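Asker: this is the structure alone, sequence omitted:
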Ligand code: SF4
Ligand code: SF4
């Protein structure tokens, strides 16, 4: 018999929908989550797109109401509806603000997955999605080839030719700006440089596996190398399984859930085989999907138990160092206690809102001698990077970045640190466009710490 004190949720209405996208949305959206939203609006101030526009439809509450209206058969999933689903950054700042614990991140992924099945993209967008999501990111060998090609372009003089001949003007302005701030690419990733096992310094506290990431290992390979060395200094034996693949985050956020699941299954088998205590991520965007593999595969009878083993073992490097590491001493030798250098930090949304690791990076930064950590106003607000959002939604991403840089510049920091490749690129772009590159350097927190390790190097 039903307990009278237990809340009851309305079940999904049995409506007849003729639109194929509406049918998919009806099938895929979790109705309990949709009805769980009590329209309180507590999430509105946390939402960057609502803050920028002041429009209800650009808020989490508005987007949930739109999704529910389609599932209830009240409205069609027309272009304005689909645009709203695309405008969401997926930063998930609305989740910690929600008293009803609405799983907004799951809803937006379900909505995008449903929309994508019948989406009609322009030819260039279709081509770009196919090349990136299907032909490049899932294949480590092709990513290495991309890294080598990009490195050749950057070093051989081709870049100068492309600029000099005006060829770059064929690309949209935001892509040209992004090209300018790309770090040096490489086809030589962390495994090629360090092998697949790296010993702990001193007695090993634990054996950990590095999740190297696909973009990280091409554009931030030095950071991956520094991550391994820092883990070793802190007492961890590090293994880097070479068969690991892309985490699938970009796929999940772009409506390609089946591809994300396929990548997750490969990673689960590879990391289980590695026999490790923890899986370490140095990229908030990747780590956030890795910790949710158990949800991603909750309907997969074969892999769900493996995913439940895996997910709680995933940790961001800052949290692993703080919670379990033998922390070495850090100091900035160019500064002094009387005249410290100033640093600030931009949160990775997924590290903060999904992996719940906001305090560990700050604790680490505060341990560096001769360094003064200054909290940036609204450091917890998305920078506009959000995977490939700054490529697909350049206008909104640009507005968010401009406001972000107003706060960053006010800190007067010498270094702006972050923990995710997308945030690092976006903040580099921000400093180039709205700051002073000669006074503020953008760095991964791992690189900053590794360069300030005392004694042992
Ligand atoms: S994920 Fe971010 S942008 Fe999207 S609704 Fe939530 S707070 Fe707003
Ligand atoms: S805070 Fe949660 S319950 Fe309130 S409107 Fe936002 S999503 Fe709905």
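Answerer: Perfect, I can see it now. Because the structure is a prediction, the values reported are computed rather than measured. Ligands and ions are numbered 1, 2, ... in the order given.
Asker: list the buried ones in stretch 363-381?
Answerer: 364-365, 367-368, 370-373, 376, 378-381 (16 or more other CB atoms under 10 Å). In this view, the C-beta of every residue, glycine as well, is placed from N, C-alpha and C.
Asker: of these, which belong to helices?
Answerer: 364, 365 (DSSP state H).
Asker: need the buried residues of stretch 363-381 in TSV with pLDDT and distance to residue 247, can you?
Answerer: TSV is the format used below for the buried residues of stretch 363-381 (pLDDT from 0 to 100; distance: CB to CB, whole Å):
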residue	pLDDT	distance to residue 247
364	97	23
365	97	26
367	95	29
368	97	29
370	97	36
371	97	31
372	97	35
373	98	29
376	97	27
378	96	27
379	97	24
380	95	23
381	95	24
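Asker: the closest residue to residue 60 other than its chain neighbours and residue 406, how far apart?
Answerer: Spatial nearest neighbour of residue 60, chain neighbours left out: residue 94 (3.8 Å); criterion: CB to CB, 6 or more residues apart in numbering. Going from residue 94 to residue 406 by CB to CB, to the nearest Å gives 23 Å.
Asker: and these two? Which one has more around it.
Answerer: Counted by other CB atoms under 10 Å, residue 94 and residue 406 do not tie: residue 94 has more neighbours, with 26 against 13.
Asker: isn't the more buried one up against residue 49?
Answerer: No: counting by CB atoms under 8 Å, residue 94 does not reach residue 49; the two are 10.2 Å apart.
Asker: so which strand or helix has the residue nearest in space to the middle of the chain?
Answerer: Central residue of the chain (CA atoms, centre = their mean): residue 285, 1.9 Å from the mean position. Using DSSP states H and E, the element containing residue 285 is helix 284-290.
Asker: that helix close to ligand 1?
Answerer: No: contact of helix 284-290 with ligand 1 (CB under 6 Å from any ligand atom) is absent, the minimum separation being 11.9 Å.
Asker: in the stretch 201-350 of the chain, which spans are helices?
Answerer: 216-219, 221-233, 249-253, 257-274, 284-290, 293-296, 304-310, 317-324, 349-353 (DSSP state H, counting those that start in this stretch).
Asker: now the fourth one: buried residues?
Answerer: Read it as helix 257-274. 257, 259, 260, 261, 263, 264, 265, 267, 268, 271, 274.
Asker: against residue 365, how distant is the residue in the stretch 201-350 of the chain that ligand 2 sits nearest to?
Answerer: The minimum distance from the stretch 201-350 of the chain to ligand 2, using CB to the nearest ligand atom, falls at residue 349 (16.4 Å). Applying CB to CB, the value for residue 349 to residue 365 is 18 Å.
Asker: also residue 404?
Answerer: 19 Å.
Asker: low pLDDT regions in the stretch 201-350 of the chain?
Answerer: Across the stretch 201-350 of the chain, nothing is flagged by pLDDT under 70.
Asker: so who does the closest residue to ligand 1 within it touch?
Answerer: With CB to the nearest ligand atom, the shortest gap between the stretch 201-350 of the chain and ligand 1 falls at residue 349, namely 7.3 Å. For residue 349, the contacting residues are 89, 91, 92, 93, 284, 380, 382, 386, by CB atoms under 8 Å, 6 or more residues apart in numbering.
Asker: so can I have CSV of those residues showing distance to ligand 2?
Answerer: Shown next, in CSV, are the contacts of residue 349 (distance: CB to the nearest ligand atom, whole Å):
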residue, distance to ligand 2
89, 15
91, 14
92, 11
93, 11
284, 22
380, 16
382, 17
386, 19
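Asker: highest neighbour count among those?
Answerer: That'd be residue 382 among the contacts of residue 349, by other CB under 10 Å, with 31 neighbours.
Asker: which residues touch that residue?
Answerer: Applying CB under 8 Å, 6+ apart, the residues contacting residue 382 are 48, 89, 91, 93, 349, 400.
Asker: and the gap between the residue nearest to residue 19 when sequence neighbours are not counted and residue 117?
Answerer: In this structure, residue 19 finds its nearest non-sequential neighbour in residue 76, 5.5 Å apart by CB to CB, 6+ apart. Using CB to CB, we find residue 76 at a distance of 16 Å from residue 117.
Asker: what's the burial count for residue 19?
Answerer: 16.
Asker: what pLDDT does it get?
Answerer: pLDDT, residue 19: 93.
Asker: then residue 390?
Answerer: 80.
Asker: and it, that one's in a helix?
Answerer: Yes: assessed with DSSP: H, G, I helix; E, B strand; the rest coil, residue 390 lies in a helix.
Asker: ok, it to residue 239 distance?
Answerer: Taking CB to CB, one finds residue 390 at 33 Å from residue 239.
Asker: neighbour count winner among those two?
Answerer: residue 390 (25 against 19).
Asker: of all the buried residues of helix 257-274, which two lie farthest apart?
Answerer: Of all pairs drawn from the buried residues of helix 257-274, the widest gap by CB to CB lies between 257 and 274 and measures 25.6 Å.
Asker: where does the stretch 251-400 of the chain get nearest to ligand 2, residue-wise?
Answerer: residue 353 (13.4 Å).
Asker: report the contact partners of that residue.
Answerer: Contacts of residue 353 by CB under 8 Å, 6+ apart are 91, 92, 93, 95, 96.
Asker: so which of those are in helices?
Answerer: Among the contacts of residue 353, no member falls in helices (DSSP H).
Asker: ligand 1 next: which of those are close?
Answerer: Okay, of these touching ligand 1 (CB under 6 Å from any ligand atom), that's 91, 92, 93.
Asker: and residue 128, what's its pLDDT?
Answerer: 79.
Asker: distance of it from ligand 1?
Answerer: 22 Å (CB to the nearest ligand atom, to the nearest Å).
Asker: hey, what's the closest residue to residue 445 other than its chain neighbours bridged with?
Answerer: What sits nearest to residue 445 in space, not counting adjacent residues and going by CB to CB, 6+ apart, is residue 417, at 4.6 Å. Judged by DSSP bridges, the bridge partners of residue 417 are residue 345, residue 443.
Asker: how is the chain partitioned into domains?
Answerer: Split into domains by automatic domain parsing, the chain comes to 20-116, 330-451.
Asker: of all the ones you listed, which lies closest to residue 223?
Answerer: domain 330-451 (4.6 Å).
Asker: touching, residue 347 and residue 376? I think so.
Answerer: No: with contact defined as CB under 8 Å, residue 347 does not reach residue 376; the gap is 9.2 Å.
Asker: quick check: residue 299 vs residue 435, distance?
Answerer: 46 Å.
Asker: more neighbours, these two?
Answerer: The residue with more neighbours, out of residue 299 and residue 435 and counting by other CB under 10 Å, is residue 435; that gives 19 against 9.
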